[in-house]
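> prediction below, plus the sequence it came from.
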Amino acid sequence: MYERKILPNLNCGLDLIGEVLYGKWKIRLLWFIHQGHQRPSELQRKIPDATRRVLNIQLKELEDHELVTKKIYPVVPPKVEYSLTDFGQTLIPVIATLGNWGDTHEEHLRTVIMKRLNGED
């Protein structure tokens, strides 16, 4: 397992939120769990570019940060469901606001991202 060699800087709210939400798929995972996609296979279908391993790691980190809970049902085959904690629910309005900002500025953001990907300055 990866061990962090440098301790994170936790001096302000932005540092804290970065530490909790850093990860390519975490915001999407929170949003999709909020929308009712609670099983790992459903989340994998919603985020097909992510490997199951990476999703499991990021779900575990969200669980460690007390944003989601994992319920394992005692059946064969095992059934697992994720849900947002009350603490995790407090992030949904923030994620919605970020999504709305992205939608509002979609054309500009797409242009600058593509410019950067194409190596243009």
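Perfect, I can see it now.
> CA atoms for contacts and neighbours, from now on please.
Noted.
> can you pull the contacts of the residue at minimal distance from the centre of the chain?
Using CA atoms, centre = their mean, the residue of the chain that lies closest to the mean C-alpha position is Lys26, 1.0 Å off. Listed by CA atoms under 8 Å, 6 or more residues apart in numbering, the contact set of Lys26 reads 58-59, 62.
> export those residues to TSV and tack on neighbour count?
Formatted as TSV, those follow (neighbours: other CA atoms under 10 Å):
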residue	neighbour count
Gln58	19
Leu59	22
Leu62	21
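> closest one of those to Leu21?
Leu62 (8.1 Å; CA to CA).
> the closest one and Arg45, how far apart?
Noted for Leu62: a distance of 19 Å to Arg45, by CA to CA, to the nearest Å.
> can you check Thr51 too?
10 Å.
> the protein: strands as residue ranges?
Secondary structure of the chain (DSSP state E): strands at 68-73, 79-84.
> contacts for stretch 103-121 next, please.
Gly102.
> shaky segments in this protein?
1-4, 121 (pLDDT under 70).
> one more time with 90
Low-confidence segments of the chain (pLDDT under 90): 1-16, 18-19, 37, 77-78, 117-121.
> list the contacts of Ile72.
Contacts of Ile72 (CA under 8 Å, 6+ apart): 78-81.
> let's go with 6 Å and repeat that
Neighbour list for Ile72: 79-80 [criterion: CA atoms under 6 Å, 6 or more residues apart in numbering].
> can you map out the helices along the chain?
13-21, 26-34, 40-46, 52-64, 86-89, 92-104, 106-117 (DSSP state H).
> what's the most buried one of the ones you listed?
Ranked by mean neighbour count, the helices of the chain are led by helix 26-34 with a mean of 19 (mean count of other CA atoms under 10 Å).
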